[in-house]
Each structure stands twice: as structure tokens, then as C-alpha cells.
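In: Need a 3D model of the following:
(chains A and B)
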Amino acid sequence: MADKTDTTRRAILQASLGAGLGLAGLSALWVAGGLKPKKEVTPESEPPKAGDRFVVAQGPDKGKLITAEMLPLEGPFVLAWPKDPKTGVVKNAERNNLAMLIRFNPDEYDEKTRRYTDRGVAAFSAICTHLGCTVSQWIADKKVFLCPCHKGQYDPRHGAQVIGGPPPRPLPMLPVKVENGEVVAAGGFLSPVGPMAGFALPRSEG
Amino acid sequence: MSVYKWLDERLDLDRLNKKFMRKAFPVHHSFFLGEITLFSFITLVLTGIFLTFGYEPSSRLVKHAGEQLPAAYVSVLYIDSLPFGRVLRSAHHWAAHIMVAAAFLHMLRILISGAYKKPREINWLLGLLLLGATVVTAFVGYSLPYDAFSVTATQIGYGIGKSIPYVGDWIAQVMFGGEYPTLHSIPRLYALHVLWLPLLLMALIGLHMLIMIKQKHTQPKYAEEVAPGKILGVPMAPMQLSVMTLLFLLYLGVLFILAGAIIAHPVEVYGPPTTATPALKPDWYFLWIYGILQIIPSSWKVPLPFGAEITSEFIGGVLIPGILGLVALLLPFLDNRKTKMRYVELPSHHPMRTSVTVGLLFFFFVATFAGWKQELHLTNGVLWMMLIFVPLAAWFVTYVLMRQIYGPKE
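Out: Sure, this is the predicted structure:
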């Protein structure tokens, strides 16, 4: 009889210990979830949208509104931040908003790419899809973008597809229009910007 | 010595002396590599304390000389302006280089002398963890100055972390404080660099040395001939401690000459973070990964269930280093000896192990060389051929030569 009571008592103690540890573990997960900071979206970090203009991102012309004429034909590209024309906010608080604007003769683009250009002006994300550096260099004789970090090359005339180096996918395009000479966004980026997480839900666009 | 007597009455120092301070240290020059690693760690902690007093862990923009600059960057300029500030910061950086190099050479010494075998498997594993934690701490360290170099390097680290299937996004965001760079990034990386990673290193170093004292050093080969069956070496106090003190002072001398002559990581040369990414190469111990990342073509992808994907950046940044690490972790368990190892094995008696190690070193050299792919106008094809065949050739030639020179004994 004494044995049996002991066993029962032990079972109850073990069960409550197990339940306690389990609950403690689960609540710790809740805390651990908070370690991933929340993303705060401000007007400066909102993604580009239709109607946005572009301003020069660096150099002596920094902040200047970009017109189609400012873009040299056949490159090099100009790094640009989107700007909301209504509020005047330059959306430069989010790196992933950085775009490269470039101009070619319209017939140099392949058909799929040309759809998102206007008067030869095209816009691409400037964030390398490999490891997130800014695609900062221009190879003039090949007329392609070059990422300085691991030497990924993208061809702007063919939808910024990868023609050399390790990037896993092309740079996302941003459809543009030219209105009164100014370059205007006709929508957001067509696919996710920057390196993709190892686990990505199926993309809705692009 | 009344102070000694006073303490001895209370703490029984004589017993401590007999038990620990008489520990025999084998005399061999290759046995100093671990000590140099330890000296580097001590130097890093001391110079690091100095740096924490001047550093401001924040990437918020502050006004400095008429410019809006990140607070961390400005605070590094401030540290540089203190008396000897720039030299101490440079010494911190140089000591990190030396620590990584000494830890790696220490591991090589253990590897080619077979000292990882039974009963020292646990210390081999702890040593590998220490090497890994050292490299991670060094990497997190160069995110802190928040200049153009540091932000680019950290960005790449973030991308590599993120590329791990399923869990990468979460891991990278927890470590880097969201989608790097955010305002959370620097405080978090700072806490990791000055608190949690050093604590981990201290705990691992403590364990590593306790186990070493408990198990005793492997004995050099000559001890087997001089005094078979006996532990040969000089006692910790006073002899080994004197040698260690001398070596530490020599270490500090060399370190500060280096640090003063060549200022490591001059932030004002890199400048504050820019919109465009500067073309740069990582520190030397990451160059092999940098090289491999460049020669993996974009076509290397493996789809996984639930929308995940193994991408080129995961293969180069995580998978290849991970496989090498895993092989290293498993190494002591490939050996099924029954008896405990007492004497080191001579590399010349183990041509296979020694030559495979040489082959692996050549793998690192060639992968590093691949980091100059663009400058040397080399194609992926050539570099892949080199990466596969140069280490194989190095292994084969070393093996054949060793058999020729040392004969067929194993």
C-alpha cells in the first residue's frame, strides 16, 4: 500500500514538473519572438509607389529631381531615391528603396523589359540579390551593372538578368513613365528586393 | 613573507601550490601557440575595456563638424583623438588578427600531432568551438565602427545568415537587430561583442584549460626516449610562469610596434557609410569564403519543400564552411583506439594525415586566391579546376614525398 502511494505521488510530481517545464518553455518562446524587432514603417521608409518621382541619391547633384534627359544614353546609371511628390518626402530611410535609373534606345531592350520602360528609361532595384550590397559599378564596354562585393553582373537590357557571378535572381524592375520630362514610378518593385530569405513564401507578383 | 603566511593560514596555499602550481609543462616550441591565443584574448579584453569607455553604440545621426554622421562613427573618431587612443584601437584590431591566426595554428599543431585522440576528444571539440566563437566575435567587432567598410561587411554577414533555409531570416534578424541596418543593429551587435561572446569565450577557455590540467598535456616524442612512462616538463611555478611572462611581454612589444606602425581599420579612410557600396575585401580569415562565394554560379540552386531554396550564397557562405567544420568535429571519433594517448605522434610517421592536412591548407589558399578573380581576369572554370586539383595534387605530392623520405612506417 505504501509502495503504491509512493508511485502515485511520484507520477503526480513528475507530471506537474513536466507540465511546468513545458509551459515555461512555451512562454519563453513568446519572449524569444520579441527578439526579432518589429519593422516600423515611416513615410521615409515606405516602398516606392505609382506617381513617385526620383531624386539623385549621391554626388554633387544629390537631391535633384531626375528627368529623362539627365540620364546619359547607354549608361552609366544614376542611383536614385523615390520621392513622394505630394508630401515631398524622400524615401531614403529604407535601403531597399534605392533604385538605379538608366536610359537606352527603346529598341535595345528585349520585349519583356521594354514593357516597364518609357522613352528608353528603365529603373531597377540597386540592391544585389546575392548578399545585399549596392550594385554600384558600371562596366561601360559590356553595358552591364556590376556588384563590387562578389562581382555579380546584371544586364539592364534584358530585365537585369544575371550574366555573370553568383546572384541567384535578376534585379527587380520598377516600372516607370516619363511625364513632362520627369521620371515617374508607374508602380512598386515587381519582385522582392534584395537577398531572399532561405524560407520565402510564394511571391505574389513578378 | 608575512603576507604569504597570513594568506596561507587561511587559504592553505601550500596545498594549492602542490596540486596546481607544480603542473608539468612539456617543453616544445610548438606548445606555445595556445598560450599566444590566450595572451591575445587577455590583450583584447584590456584594450576592449578602454574602447568601451569612449564608444557610443548607436547608428543615430549626430552633428559632427557640420555633417550628419552616425554616433558610433563619431565616437570612434573621438577614441582616435585620445592620447594613444588610435594605437590602442589598432592594437585591439591587431590582437584579434593574431588571436585568430594563433588559434588556427594551435589547432593545426593538435591535428598533425594526433593530440585530438582519446582521451582529449572533448578538448578538441571545445577548441573548435573556441575558434568558431573567436571568428564570430571578430566579425561582430568590425561591424561596430559603422564606417563604409564595416557596414558593407556586416551587410554581407546578414545576407549569409538570412540565406539559411527556413530559420535564416529569424536568426539573422535576431542577431543583427532586424533587417540590417536598423537602429537596433548596433546596440545588439555591441552587446554581443562586448558582453555575451566574451563571456562565452571565457567560459570555454576556462573549461579548455581545466580539462587540459586534468588530462595533462600530451608528451613530446622525445619524452618517450628520455624518461619512458614518466611525465616530463617544467613546473608551472616558477619556471613556466616566468617563460609565459617573458613571452607575453614580447607579445605585447611586437603587437604595439605593429599596431603603432600600421594603424588597423582607419575609419576616416573608409569614411562614413555611403549609398553606393565600396569595392573591398574582407579580413584575411574570411577571404577563402569570399573567394568561394564569387565562383559559385547563380545556377546552383536546389529547391526545398515549402518554398525554401538552397541558394548560391548559402552554399558558399554556410554549407561549405559548415561541412568542413562538421568533418573537424567528427575527426576524433573516426579513431577507435582503446588506450589513452600519452605521446604526440610525429607528423612524419603519419603521411596520410599530414598530407591530407597539407591538401586542406592548399584548398584554403586557392579559395583565397579566387577572391582576386576579377583583378586577375580568371574564369570560374579555371578557378574551379584549381580549387579541386591543386589541393589534390598537394596531397598526392606530399604523400609520395613523405613515403619516399620517411619510409613506409605507420
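In: Would you map out the domains in the chain?
Out: This is for chain A. Following the assignment in automatic domain parsing, chain A carries domains at A:1-38, A:53-185.
In: look at chain B instead
Out: B:20-295, B:346-410.
In: of all those domains, which gets the most neighbours per residue?
Out: Of the domains of chain B, the one with the most neighbours on average (mean count of other Cβ atoms under 10 Å in any protein chain shown) is domain B:20-295, at a mean of 18. C-beta: built from backbone N, CA, C; applies to glycine.
In: other SSEs contacting the longest helix seen in chain A?
Out: The longest helix of chain A (DSSP state H) is helix A:2-33. Taking 3 or more Cβ pairs under 8 Å, 6 or more residues apart in numbering or on different chains; DSSP states H and E as contact, there are no helices or strands that helix A:2-33 lies on.
In: as a whole number, average confidence for that helix?
Out: The average of the pLDDT scores along helix A:2-33 is 87.
In: Now do the same for residue 139: its pLDDT.
Out: The chain I'm using is chain A. 95.
In: hmm, I had chain B in mind actually
Out: For residue B:139, the predicted pLDDT is 96.
In: tell me which element it falls in.
Out: helix B:121-141 (DSSP states H and E).
In: Could you confirm whether that helix reaches chain A?
Out: No. Using Cβ under 8 Å from any Cβ of the partner chain, helix B:121-141 stays clear of chain A, coming no nearer than 14.0 Å.
In: tell me what that helix is packed against?
Out: Applying 3+ Cβ pairs under 8 Å, 6+ apart, one finds that helix B:121-141 contacts helix B:85-112, helix B:197-215, helix B:320-330.
In: Identify the residues contacting whatever helix or strand comes next after the longest helix of chain A?
Out: Proceeding N to C from helix A:2-33, the next assigned helix or strand is strand A:53-56, under DSSP H and E. For strand A:53-56, the external contacting residues (Cβ atoms under 8 Å, 6 or more residues apart in numbering or on different chains) are A:62-66, A:78-83, A:85, A:90, A:99, A:101, A:123, A:182-185.
In: quick check: mean pLDDT across strand A:53-56?
Out: Computed over strand A:53-56, the average pLDDT equals 96.
In: and if you look at stretch B:81-96?
Out: Stretch B:81-96 shows a mean pLDDT of 97.
In: Over to stretch A:84-96?
Out: pLDDT averaged over stretch A:84-96 gives 94.
In: I'd like the distance from that stretch to the chain centre, please.
Out: Stretch A:84-96 has its C-alpha centroid displaced from the chain centroid by 15 Å (Cα atoms, centre = their mean, to the nearest Å).
In: That stretch spans what distance, first to last residue?
Out: Using Cα to Cα, to the nearest Å, one end of stretch A:84-96 lies 16 Å from the other.
In: Give me the contacts around it.
Out: Residues external to stretch A:84-96 that are found in contact with it (Cβ under 8 Å, 6+ apart): A:42-48, A:51-53, A:55, A:57, A:63, A:81-83, A:97-98, A:125, A:127, A:134, A:193-194, B:179, B:181.
In: And it, what's buried?
Out: For stretch A:84-96, burial by neighbour count (16 or more other Cβ atoms under 10 Å in any protein chain shown) applies to A:84, A:89, A:90, A:91, A:92, A:93, A:94, A:95, A:96.
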